[in-house]
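Undergrad: A predicted structure for the sequence below; I have some questions about it.
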Amino acid sequence: MVKAGREAAATDPVARLYVDVPLPHLDRPFDYLVPDDLAETVQPGSRVRVRFAGRLVDAYVLERGAASDHPGRLAYVERAVGDEPVLTAETSELFRAVADRWGGNFVDVVRLGVPPRHARAETSPPAEPGPLPPAAEGTGFAGYRAGSAFVTAVREGRPARAVWSALPGEQWPLRLAELARIAHDAGRGAVLVVPDARDAERLDAAVRSVLGEGRHVSLAADLGPAERYRRWLAVRRGQVRVVVGTRAAAYAPVADLGLLAVWDDGDDLHAEPRSPYPNSRDLAVLRSVHSGAALVLGGFARTAEAQLLVGSGWAHEVVADRRAVRAAAPRVQAVADDVELARDPGAAAARLPSLALRTTKDALAAGTPVLVQVPRRGYVPSLACARDRTPARCPTCAGPLGARSERDVPSCRWCGRPAGNWQCPECGGRRLRAVVVGSGRTAEELGRAFPGVPVRASGGDRVLAEVPAEAAVVVATPGAEPVCPGGYGAALLLDGWSLLSRPDLRAAEETLRRWANAAALVRVGGAVIVGADAGLPVVQALVRWDPAGAAARELAERAELGFPPAARMASLTGPPAAVAELLGAARLPDGAEVIGPVPAGPETERVLVRVTRQHGAELAARLKEAAAGRSARRSAEPVRIQLDPAELG
DNA sequence: TAAAATGCATGT
DNA sequence: CATGCATTTTAC
């Protein structure tokens, strides 16, 4: 039904658009007529409202055209939402490619990459850029093999691809800012993606120091909707071409993108928890291919995925030579067990291994802080003697004991070692009871071992960005380590046991990543004590500071086991009948291997489908196709499809 | 949430 | 086996 008086636009009256309905079988363009009065407003990339199957829904315009292939009558676009496009030609193509790569819908990806509209923000005037600081003579990449070549490629607008292993102590925010400046001066845009808001703040500051005011924005996740949309619009309008931010920033509609950077791609914060579950690294890889932008994946550690890009010749390594590594790396020593326990009566209170204790004392005496990395706190309460309530302590490091459940073997919340046959030092009792301990207590308890030294805690919802360069014990959970100007005097990495004992495919890689990130904050000549068996390959990799070697070994192991990234996997999660139906309907690629199902929660099962890397795109397409069939037939119970799931369980 | 397609009870 | 009304399906 056409409203009285409505007429189609004189030129290109047809708008091809995606309707914002999350059903896989509707994930294709539909044609609508553009009414005459919207002829100027509705453009490629516009957000509009259309009547679709009766309801008014949002839609995203791909393109305008003269005619439609649709045999039936076309409906009119109902109205425009805002008067400027939200998709660019490049992001339109990117969203389609991301949806295809991960077996999802175009509009789901739009939700990840385009912030919700905030009408007021559309009226705010652009910020005037401040003076542009003079360009630096060179960059910090000169000290890395292939570093200068990569910088030159960015300057010349070539789509070079690098995996950068940052030296310990490296000012990585400044390095990435330098690259952004190079791209900027070449007239190109840059997108720099980091795991969390704190990293985004550091990087934001570094980019400001290099580009001055008003030439970049930070799109970190902790902004309000108005400010977020305002900054994002400034990017879309081309007023700003350098973007810093977390996950979602990777989609920023930067004009003429010249550089994509992802820092610490192994961090699980880079894994998008919403459908279709893309992650920053693979997204950046995809976008670099489609946009012709240069790409750098940087970190202190290296993922097996990044290693594969190097090994296949797709990306070049940007690494320092061994001499520079040796000069920059802290001295790492492993303390595996009770042999090193203190006999020293002064250390009786906190029975840290004597090496760790000496190291800590020395660093504190030199007026430098000591970083103590402890496992992430869960909801785990502390334990105490059931008889006299003496707090239960780890026999090795004197950390507080906790347990995940009543029946669980208690383990140390500092070093993670299990404490199976605990005995109360006061009354000899062997039974434990749960007690609630405030989160600040952990740090306080550790601090007691060093009277008069301030203890600072960083983790959970109280994360410190920086600590002063003075004697202090800094207790942090992985990922929440504050930086210290000049570096820490020493670091104790106490979380090895809880990390390495996880039955996770990535346990070793993740352990080294966390250790390296903490150890990299230690000053040159500082000491790192790691609480784990020196014979473990992952410990050796830290001692020798060899993230590339560790990643190569990790990749080889995964290849042997047929795990990603050596193979491509999809995980299907949902009610057993639904999973079975999807699997039955999917025309899986030749050689696809179905693993499972295994229980995955109440009324829920999961199967894994494994194919070779070459069949990855086909697998995604086939699963999408089967899901589309199910949604068209209204098979109600949805199945979650995840390509390259972050956790393989 | 609108129109079209389909289902189905009812009356001849 | 047409008719009218209810329900289901499609989706521009």
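TA: That came through fine.
Undergrad: Grab the nearest non-local neighbour of A:Asp282.
TA: A:Asp644 (6.8 Å; C-beta to C-beta, 6 or more residues apart in numbering). (Each C-beta comes from the backbone N, C-alpha and C, glycine too.)
Undergrad: Hmm, that neighbour is touching A:Ala567, no?
TA: No: in terms of C-beta atoms under 8 Å, A:Asp644 does not count as a neighbour of A:Ala567; the distance is 10.0 Å.
Undergrad: more neighbours, these two?
TA: For A:Asp644 against A:Ala567, the residue with the higher neighbour count under other C-beta atoms under 10 Å is A:Asp644, and the figures read 21 against 17.
Undergrad: Now do the contacts for the more buried one.
TA: Counting by C-beta atoms under 8 Å, 6 or more residues apart in numbering, A:Asp644 touches A:102, A:279, A:282, A:564-565, A:568-570.
Undergrad: for A:Arg228, same thing?
TA: Each residue near A:Arg228 by C-beta under 8 Å, 6+ apart is listed here: A:115, A:118, A:219.
Undergrad: Inside strands: which ones of the residues you listed?
TA: Helix and strand membership here follows DSSP state E; of those, not one is in strands.
Undergrad: Could you say which helix or strand holds A:Val528?
TA: A:Val528 is located in strand A:522-530, with elements delineated by DSSP states H and E.
Undergrad: After that strand, which helix or strand is next? Please name it.
TA: helix A:537-543.
Undergrad: The next helix or strand after that next one packs against which elements?
TA: Later in the chain than helix A:537-543, the nearest helix or strand by DSSP H and E is helix A:547-561. In terms of contact count using 3 or more C-beta pairs under 8 Å, 6 or more residues apart in numbering; DSSP states H and E, helix A:547-561 is assigned the packing partners helix A:304-311, helix A:507-519, helix A:537-543.
Undergrad: Can you tell me what sits against the second one?
TA: Contacting residues not belonging to helix A:507-519 are listed as A:168, A:264, A:266-267, A:299-301, A:303-304, A:329-330, A:332, A:371, A:373, A:476, A:478-479, A:481, A:491, A:493, A:495-496, A:499-501, A:504, A:528, A:530, A:537-538, A:541-542, A:545, A:547, A:550-551, A:554 [C-beta under 8 Å, 6+ apart].
Undergrad: Please indicate which of the residues you listed are buried?
TA: Among the contacts of helix A:507-519, those buried by neighbour count (16 or more other C-beta atoms under 10 Å) are A:168, A:264, A:266-267, A:299-301, A:303-304, A:329-330, A:332, A:371, A:373, A:476, A:478-479, A:481, A:491, A:493, A:495-496, A:499-500, A:528, A:530, A:538, A:541-542, A:545, A:547, A:550-551, A:554.
Undergrad: At the contact with DNA strand C, which residues of chain A appear?
TA: Within chain A, the residues that sit near DNA strand C (C-beta under 7 Å from any atom of the strand) are A:23, A:25-26, A:30-33, A:51-54, A:68, A:70, A:72-75, A:632, A:634.
Undergrad: If we use 6 Å, what do you get?
TA: For chain A, the residues found near DNA strand C under the criterion C-beta under 6 Å from any atom of the strand are A:23, A:26, A:30-32, A:52-53, A:68, A:70, A:72, A:74-75, A:634.
Undergrad: What about the residues you listed, which are in strands?
TA: For the residues of chain A next to DNA strand C, secondary structure assignment (DSSP E) places A:30-32, A:52 in strands.
Undergrad: any weak-confidence spans in the stretch 1-150 of chain A?
TA: A:1-5 (pLDDT under 70).
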